[in-house]
Each structure stands twice: as structure tokens, then as C-alpha cells.
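# Predicted model and sequence follow; I will ask about them next.
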4 protein chains.
Amino acid sequence: MPRSNGRHLTSRSGDEEVAQRGRPTGNHEAKRAELLKAATSVIAQEGYANASLRKVAKRAGYTTGAVTYYFANKEEMVIALAESRFDNYDAMLEAIQGEGDIKTLVNSWLKTTVGDPEFWPVMSELLAHGRHDPALARVIAERYARYRDIYASILAAAQAQGTIRDDIPADLLADQLSAMGDGWTMMSPIEPERFTPQRVRELVDAVIALIAPVSGGRREAGS
Amino acid sequence: MPRSNGRHLTSRSGDEEVAQRGRPTGNHEAKRAELLKAATSVIAQEGYANASLRKVAKRAGYTTGAVTYYFANKEEMVIALAESRFDNYDAMLEAIQGEGDIKTLVNSWLKTTVGDPEFWPVMSELLAHGRHDPALARVIAERYARYRDIYASILAAAQAQGTIRDDIPADLLADQLSAMGDGWTMMSPIEPERFTPQRVRELVDAVIALIAPVSGGRREAGS
Amino acid sequence: MPRSNGRHLTSRSGDEEVAQRGRPTGNHEAKRAELLKAATSVIAQEGYANASLRKVAKRAGYTTGAVTYYFANKEEMVIALAESRFDNYDAMLEAIQGEGDIKTLVNSWLKTTVGDPEFWPVMSELLAHGRHDPALARVIAERYARYRDIYASILAAAQAQGTIRDDIPADLLADQLSAMGDGWTMMSPIEPERFTPQRVRELVDAVIALIAPVSGGRREAGS
Amino acid sequence: MPRSNGRHLTSRSGDEEVAQRGRPTGNHEAKRAELLKAATSVIAQEGYANASLRKVAKRAGYTTGAVTYYFANKEEMVIALAESRFDNYDAMLEAIQGEGDIKTLVNSWLKTTVGDPEFWPVMSELLAHGRHDPALARVIAERYARYRDIYASILAAAQAQGTIRDDIPADLLADQLSAMGDGWTMMSPIEPERFTPQRVRELVDAVIALIAPVSGGRREAGS
DNA sequence: AATGAATGAGCGTTCATTCAT
DNA sequence: TATGAATGAACGCTCATTCAT
């Protein structure tokens, strides 16, 4: 038993953590989550290609066998990882939704994503690896489609309120903004020095400006 | 492409082709280019991680040793590859520059980049791998900086002519458009079915609309 | 030598022996020792440079992966090997210490070292390779220093008893004798026919004569 | 033509070096010597195992092909190298022979051998590799036999003059001293810090003392 | 005489995976 | 539930050698 910390301890009905006797129940998911956390950190630091199961196991304080016990294979693990990352993202999106204006919303979003130093690196690794792992690609495609829908509905609402331009259909706008975010996601690990807080602020402001309402006549694009 | 055969094959005593040793004709740079072409195709199809020197050699019709003869190591090869891809891109940019309006220019650019089925896949692999290869990252960063400058100057010229909006500084605009392109670059291999010609046309039109002149007052963003 | 078979072989459905995967019995250190024995034999026969991990594995009846499972890398393996050889030597020295006179001691030593046909060959390989492996060099240097100390104290005791010459400090004498042994160690694989039992006896006798007490006055050398 | 220096220049009958026209005569041996010099330096620095033909060629300013042109294979090259080293050693021995007493002779020998920083390293590499190269072993064995004869005759002469002990046959004495030298040769690269000039002086003095005449009765050893 | 392109075997090492325990 | 021994294929790379030029 390698670790003496919180493992096998749960606080069930009170505030106290109680050492569990016998076979711990419901630990399966917890263990998986633990391993996924380790995987996240390894991938964030060393990339997908260099994230061996051994490293993941070691970081989690387990042995190699444990990883293959909880995940049928590496692919399954990375897919579980992707799902869990997207679940986190969902929760985050949910939390910040309903913020007043676009600018506030963008800033909230920015704060939570750049707040996690593993967020972009892992995302960029998953995106890149998705090309070679159809199952992962499917997961990413599904989630992304959902996000674009959410963004589109947010943008549509804003268009209805007149707070952003409405000469471009909301779904195209969502697609554009989403792509912009992905582009920066990919580039930031390559030239991190370029993404100073100041520059990021400028870029965000420029995005706001880009989608600000246009005063003149409507011109429907993309049809 | 100097030699269509690329191998030194002689039929010695009969019909059999025998791989030649010894000093062949042909020049060093051409051979490197040949191998780079093979590497491009392998990376485009299988990705950087799965592009072993053996596969590259095989695709070029050589043995492993030949690859390591022309390139000190894999990293050097991929950097040479990146440089050559960027050189191609430079030439293409040069060729289409001076096109009249933005829309024509974008379409020309689109035609030549999507015309090469290896363009985006290789680019996305290079971008992704750059995170783990500082030398490659430097090459990418340098070239990208140059491209953003070029885009910015094109956009600035258009702003001066009043053909695109000038409420956002040209360099920020260039950064935004560049990121958008990268984002699509990354996503297209993951969900290729999404990027139908029709959708691409819509997206391009939406970009044109995005940067079209705003009729109302100027509002400087990002400073 | 804990297991005479050394492999986990089971006859599953018939007479065929199938290499086992999974968790075997037996302990880690015993397996390491087993592999070290194989490595010793390979190095003794083929030399360090030609002792590939594959050969070692094969000789031990394992696959390459097993060797790298037990030893992080080749260097670590050879160092472990050196340590174990020196440990053996320590034990041997301990056993023969306390023999009456120098001549008996030398002969006991001779018997046990030439008794093992792998002793000198492996030693000479380690010595030679030490030049290119600092970690190994350190191990050798440490052990050798200890041996010279032991030899020196044995010689000093003999000097005190008047059974060997005392005009040369014991530590220099130990150094000389040690070097002589190493010299023969290196040469014996090159011209083995020269080291007939008869010749070895003569050389040993000559060494005894060399360090025999000198009757005349003392002359301190080496200062 | 990579080099513009003294190559292809010979001073034949006068003092001036004259650029040769046409096929240079008698250069074959000179080229071989040049390559052997390079090989010596590579082996001295990196050891036999790491001395690739490429490195040798590069150090000499040639291409790989040149090395295999002048030497049928690596083995032949290293044998030629050994021969040339031994030839040098012969010349050196010849030069210092006839020195008065043993001590002066030893010191002269010491000066010329330790004076060349490549002497011991190359010697130890050759000795070690000899075990795996029968042809090299034969060369070494022959030369060493000769040296031991020379040493023996020098020692015999000294014994006749009464300047060294004569209770041990000269050939055994020569063998012992030779082995001692080899032992130090092997150890010096491993623990160079041990061989300070001061320590070397002490060791040499101790050797002189070891073979100094014994005052008492004669006792023939080793027969 | 000398080059340098190309081979192909082998190296140390990493790794996902399997599985008896 | 979890271990960890062991596999075997693949990787990047080095190298002596061959040989048309």
C-alpha cells in the first residue's frame, strides 16, 4: 500500500473522515479519476507521445498494471481523459453562463481557462492526437459541436438584444470565434512569450470590437 | 523534381533490378528534397509520432541508413521539412500578393492551400510537435511572425484604401485571422466532414464580412 | 544459485513449453544475479564491446526487455556486475586471510582466482572499459584502493615479523604487486600460451624472492 | 580538394618544397601514416570502441572512403597502427639504450613515454582490444616478447656488472617489471589523480630498490 | 587516387500489453 | 483489486563496408 493519505477515506454522513474497512465501495471511479488526473499532468508536461503508462502510473503512485486494470488500453484512457476534461469545461461554461454582456462573459471564461495551467496544453495535445485516434476524434467533434451550439445560442441572444452585430449568422460567428480560440491554443505553447497578459487583453478587446454591432445596413454573409 | 525514378537501378545480367551501391549521379540537395517529400507524405498520413525513419526511407525507396546519411537525426529532418514547407508557402504568398481586393486574395490563398491535400495535415502536425521541439518551435515562431507582418501590411494597405475596417489595428486583425486559420487547420483533420466546400465558402464570406468596413464612427480597440 | 531452470515454463495443453507472462515466483535479487551471471559469461567470452543486451538476455534465457526491466541501462548493469565481482573477491580475500606465510597466501589466492576461468577475462574487460565509464571507474578505483590497503596491511604485518623486506614502505610494495597482477591480467588473454602453470609458478616464486628480506642495511626508497 | 597545405608537396633533392605535378609518387605510405596519426589521436581520446572510421577520416581531413582505400578494414588499420606505435617505441628504446645505470635508463624511458600524452591511453586500448583480435594479439605478443628479451639482456648486463640483484633470472625480472608497467598503464586512465609526479617518482624509486643488489647469499628463484 | 552515396545489420532503449499471482 | 515480471516489436541511431564514379 504505497500511500497513507486520503485514499480509502471518505466522509460519508458527517464531517469526519472515517477509515474504511474491507473492500472500499465506489472507489472504482475515484481511482480512475485519480489516474486521469495523473495522466492529465503528464500529458500537459510531456505531451501525448511521451506520456507512457508507466509515467502516468508512477505519478499517481501506482504500478503499471493498475493503469491497465482501470483502462483497457491507452486509447481508452485518453478518451476518458478527454471526456473528463470536457465535463469540467461544461461545468465551467454552465457556471459563467448568464453573465450580462459579452465582454464580461469572455473575461470570466478567460479567467477560468488560463487559470488552469494545464488547460491549454492538454487541449492542444488532445486536438493534435485526435487526428490519429478516431474514437478520440469523435468525442472531440461531438463536444465541439455542442460548444459551438452553445456559443451560437449565446451569440444569437446577444444579437436579439442588439449587443453584437447581426449581419453574420450566429453559428458562423461561433465557428469563427471557436477557431480563433483553437488557433491561440495551439500557438501559445510554441511562442509563449508572445502571449503576455497585455497582448491577451488587446486580442480580447479586438475580438469584442470585431463582433460589436455595425451601425450601418445589414449585409447577410455566408449563404 | 529532377529524377522521376529516384533510385539507381541497373539490370545487370538479366531483368532483375539490383540496388546500386557506390557513387551515384544526382545531387545532394535533390536527394534531400526527395526524402523530405517522402517524409511529408508519411507525416501527412500518419502523423509525426508515427513517422519513423524507416517508414520515410521505405516510402522514398531507400533504406534507413540513407535517411540518417542525409539528415543528422530526426529533429534535423523535421526542421528541414518545416523550412521547406514554409519556403513553399512564401513563394505562394509572393505569387498571389498584389491581387486586387481582399476577397480575391483570400480565395487565391484558399485555392492553393486546400489544393494540396498534404498542406493542412502536415502543418497541424508541425504545429503540434513544435511544443516538444524547441528548434522547430523557433522556426515556426519566426516564420509565423513574418507572416503576421505580411498579413498586417496587406491589411494596413486595405485599411488605407478603405476596403476593410480600420477601427482595429492591422496587426491585431492579422493575429486574429491567423489564429482563425490555425484553428481550422487543427480541426479539419478531426472533423473533415464538417469542412465541406459549401461551409468553407460560408466561413470565408463571414470572415470577409467580419473585416468589412464599419460605416459608423471609429473605435480603436486594444490599446 | 536459487533456480536451476531459471525460466517459467509450463506445459499447457500438451508437451509444448510456453514462455509465461504474468507474475512469476522468485525474487528480484535472484533474477538480477541470474542476469548478471549471464552478463559475466558473455563479457568473459566476447568482451564488453560485443556484449549486447540481446546476447545477455539470450544467454540467460530471457528476452531483451527483461534485461532492461532489471537494469535501467547497460551502464547500470555493468556496474552492478563489477560490484558483484568485487564482492566475490572480497569474500575470497577474507577467506584466505590469516594464512601463515606470504607464499602460502599467494598460492591460495592464485588457486581461487585462476580457478575461475572467467575471473581474469572479466576483470580485464572491466578495467579497460572503466576508462570510458566514469561511474565504473569510480567503483574500480574505490575497490582497488581498498585492496591496496589490505595488501599493504598484510605486507606491513609481514614486515613486522621480518618475513619480508622492510626497506620499501608496505604501501609502495602493495602498489607494485598489485600493478604486476594487473599487468598479467591484461596480458594473459592476449598470450595465454605464455602463462603455463610452470611459468606461473616461476613468476610467483620470483615475486616471493623479490620481496624476501634483504640481509644487508636498510635503504628507504620512495620519499 | 579539401586541403591546401603540405599535401602533395615533397622536398626531394633540395631544400625547397616543390609542388608536385601529376601523380604524386611515394605518397601512399605518407597518407597511411597521416591516417594512422589521426586514428591514434581518436583512439587515445575516445577509445577503440568509439573510434569509427568516420571519425578517423574526419580528423585526418579525408572522407570515409579514403580510410577504406588505404586500409582493407578496421582491423588492418588498427594493426598497422599498433605496428607503427611499436616501431616508435623501438626507436625510443634504441635511443636511450647504453645509458649508464638502471636508474638513469628508467628515467629516460619514463620521460619519453609520459611525455607523449597519447602513449599510455593508446597502449591500454590496444592491449584491451587485442583480446578480441587475434591478429592484433599476435603483433602485441611478438613485440612484447622482443621487449622482454631486450629488457632481460639489459638486466643481465647489469647483473653481470653487479649493479642489480642477480638472485632472480633476468628474464623473470624483465617479465615482472614489464607486467608492473602494464598494470600502471591500465590503471592510470581509471584513476589518473593517483599518479601524481610525486607518486610516480616514489614508485620508480621503489622499483629501483626492488631490483637493487642484495648483499647476502644468492638464492636462485623460479626454477 | 579518392569520393561519398547507400546498405543493412546491429545497437541501447522504450513501450503498450499480457497475465499468473 | 492490484501487482510487477516479462514479452516482443518498434524506434532512432551508428557503423563497417561496398562500390560506381
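Thanks, I have the structure now. Numbers count the residues shown, from 1 in each chain, chains lettered A, B, ... in the order given.
# and residue A:69, how many neighbours?
Neighbours of residue A:69 under the rule other Cβ atoms under 10 Å in any protein chain shown: 12. Glycine gets a C-beta too; all of them are placed from N, C-alpha and C.
# so where does it fall, helix or strand?
Using DSSP states H and E, residue A:69 maps to helix A:64-70.
# which helices and strands sit right next to that helix?
When contacts are defined as 3 or more Cβ pairs under 8 Å, 6 or more residues apart in numbering or on different chains; DSSP states H and E, helix A:64-70 sits against helix A:27-46, helix A:53-60.
# what is the rounded mean pLDDT of the helix or strand just after it?
Sequence-wise, the next helix or strand downstream of helix A:64-70 (DSSP H and E) is helix A:74-96. Helix A:74-96 shows a mean pLDDT of 95.
# Report the distance from helix A:74-96 to the chain centre.
Offset of helix A:74-96 from its chain centre (Cα atoms, centre = their mean, to the nearest Å): 6 Å.
# Next, the angle from that helix to helix A:53-60.
Inter-element angle recorded for helix A:74-96 and helix A:53-60: 50 degrees (by axes from the mean of the first three to the mean of the last three Cα atoms, to 10 degrees).
# which strands and helices sit next to helix A:74-96?
Under the contact definition 3+ Cβ pairs under 8 Å, 6+ apart, helix A:74-96 sits against helix A:27-46, helix A:53-60, helix A:102-115, helix A:119-130, helix A:134-161.
# any idea which of those helices is most buried?
Each of the helices and strands packed on helix A:74-96 was scored by mean neighbour count; the highest is helix A:119-130, a mean of 23, by mean count of other Cβ atoms under 10 Å in any protein chain shown.
# Out of the helices and strands packed on helix A:74-96, which is closest to chain C?
helix A:53-60 (11.1 Å; Cβ to the nearest Cβ).
# Touching the closest one from outside, list them.
Under the contact criterion Cβ atoms under 8 Å, 6 or more residues apart in numbering or on different chains, helix A:53-60 has outside partners A:34-35, A:37-39, A:41-42, A:46, A:63-68, A:74, A:77.
# show me what contacts the residue in chain A positioned nearest to DNA strand F?
Chain A approaches DNA strand F most closely through residue A:65 (2.5 Å), counting by Cβ to the nearest atom of the strand. By Cβ under 8 Å, 6+ apart, residue A:65 lies in contact with residue A:57.
# Low-confidence bits of chain A, can you list those?
Across chain A, the ranges flagged by pLDDT under 70 are A:1-26, A:216-223.
# Which positions in chain A make contact with DNA strand E?
Chain A comes close to DNA strand E at residues A:50-55, A:64-65, A:67-69, A:73-75, as judged by Cβ under 7 Å from any atom of the strand.
# how many other residues sit next to the residue lying closest to residue A:132 once chain neighbours are set aside?
Spatial nearest neighbour of residue A:132, excluding adjacent residues (Cβ to Cβ, 6 or more residues apart in numbering or on different chains): residue B:47 at 4.9 Å. Neighbours of residue B:47 under the rule other Cβ under 10 Å: 22.
# hang on, residue A:133 packs against residue A:76?
No. With contacts defined as Cβ atoms under 8 Å, residue A:133 does not count as touching residue A:76, sitting 10.5 Å away.
# So the two - more neighbours on which side?
Neighbour count, other Cβ under 10 Å: between residue A:133 and residue A:76, residue A:133 has more, with 20 against 13.
# check contacts around that one.
With contact taken as Cβ under 8 Å, 6+ apart, residue A:133 is in contact with A:75, A:78, A:79.
# residue contacts, the first one?
Read that as residue A:75. Residue A:75 makes contact with A:133, A:135, A:136, according to Cβ under 8 Å, 6+ apart.
# Provide the backbone phi and psi angles at residue A:101.
phi -90, psi 170 (degrees, to the nearest 10).
# Without its sequence neighbours, what residue ends up closest to it?
Using Cβ to Cβ, 6+ apart, the closest residue to residue A:101 is residue A:163 (6.0 Å).
# I'd assumed residue A:213 was in contact with that neighbour.
Yes. Between residue A:163 and residue A:213 there is a contact under Cβ under 8 Å: 7.0 Å.
# Look at residue A:62 and give its secondary structure.
coil (DSSP: H, G, I helix; E, B strand; the rest coil).
# again with residue A:214
In terms of secondary structure, residue A:214 is coil; the call rests on three-state DSSP.
# Endpoints of stretch A:40-60, how far apart?
Here the two ends of stretch A:40-60 are set 11 Å apart, with distance taken as Cα to Cα, to the nearest Å.
# Relative to the whole chain's centre, how far out is it?
Counting by Cα atoms, centre = their mean, stretch A:40-60 is centred 18 Å from the centre of its parent chain.
# what does stretch A:175-184 give?
In terms of Cα atoms, centre = their mean, the gap separating the centre of stretch A:175-184 from the centre of its chain is 14 Å.
# count of neighbours near the closest residue to residue A:71 other than its chain neighbours?
Distance criterion Cβ to Cβ, 6+ apart; nearest residue to residue A:71, sequence neighbours excluded, is residue A:77 at 3.9 Å. Residues lying near residue A:77 (other Cβ under 10 Å) number 21.
# Could you double-check that residue A:77 lies in contact with residue A:83?
No. In this structure residue A:77 lies outside contact range of residue A:83 using Cβ under 8 Å: 10.8 Å.
# which parts of chain A sit against chain D?
By the rule Cβ under 8 Å from any Cβ of the partner chain, no part of chain A lies against chain D.
# Got the domain ranges for chain A?
Per the record, chain A has its domains at A:6-71, A:74-223, by automatic domain parsing.
# Nearest to residue B:183, out of the ones you listed?
Closest to residue B:183 of the domains of chain A is domain A:74-223 (Cβ to Cβ; 3.1 Å).
# Report whether the closest one contacts DNA strand F.
No. Domain A:74-223 does not reach DNA strand F (Cβ under 7 Å from any atom of the strand); its nearest approach is 12.5 Å.
# Tell me the spacing between the closest residue to chain C within chain A and chain D.
Nearest residue of chain A to chain C (Cβ to the nearest Cβ) works out as residue A:65 at 8.8 Å. Residue A:65 sits at a distance of 38 Å from chain D (criterion: Cβ to the nearest Cβ, to the nearest Å).
# returning to what we had before: could the helices and strands packed on helix A:64-70 go into JSON lines alongside distance to residue A:119?
Listed next are the helices and strands packed on helix A:64-70 as JSON lines, based on distance: least, Cβ to Cβ, whole Å:
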{"stretch": "helix A:27-46", "distance to residue A:119": "8"}
{"stretch": "helix A:53-60", "distance to residue A:119": "18"}
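# Can you tell me which of those helices is nearest to residue B:119?
Here helix A:27-46 is closest among the helices and strands packed on helix A:64-70 (Cβ to Cβ), at 27.2 Å.
# closest to residue C:87 out of the domains of chain A?
Among the domains of chain A, if distance is taken as Cβ to Cβ, the winner is domain A:6-71, at 29.8 Å.
# so residue A:179 makes contact with residue B:187?
Yes. If you go by Cβ under 8 Å, residue A:179 and residue B:187 touch, sitting 6.9 Å apart.
# Look at those two and report which has more neighbours.
The residue with more neighbours, out of residue A:179 and residue B:187, is residue B:187; 26 against 23, by other Cβ under 10 Å.
# excluding its backbone neighbours, what's nearest the more buried one?
The shortest distance from residue B:187 to any non-neighbouring residue, by Cβ to Cβ, 6+ apart, is to residue A:182 (6.4 Å).
# and the end-to-end length of stretch A:190-198?
For stretch A:190-198, the first-to-last residue distance is 18 Å (Cα to Cα).
# Can you give me the buried ones in that stretch?
Going by neighbour count (16 or more other Cβ atoms under 10 Å in any protein chain shown), the buried part of stretch A:190-198 is A:190, A:191, A:194, A:195.
# do stretch A:160-169 as well
A:163, A:164, A:165, A:166, A:167, A:168, A:169.
# Chain D: which of these is nearest?
Distances from chain D to those, taken by Cβ to the nearest Cβ, are shortest for residue A:168, at 61.8 Å.
# Looks to me like that closest one is in a helix.
No. Counting by three-state DSSP, residue A:168 is located in no helix; its state is coil.
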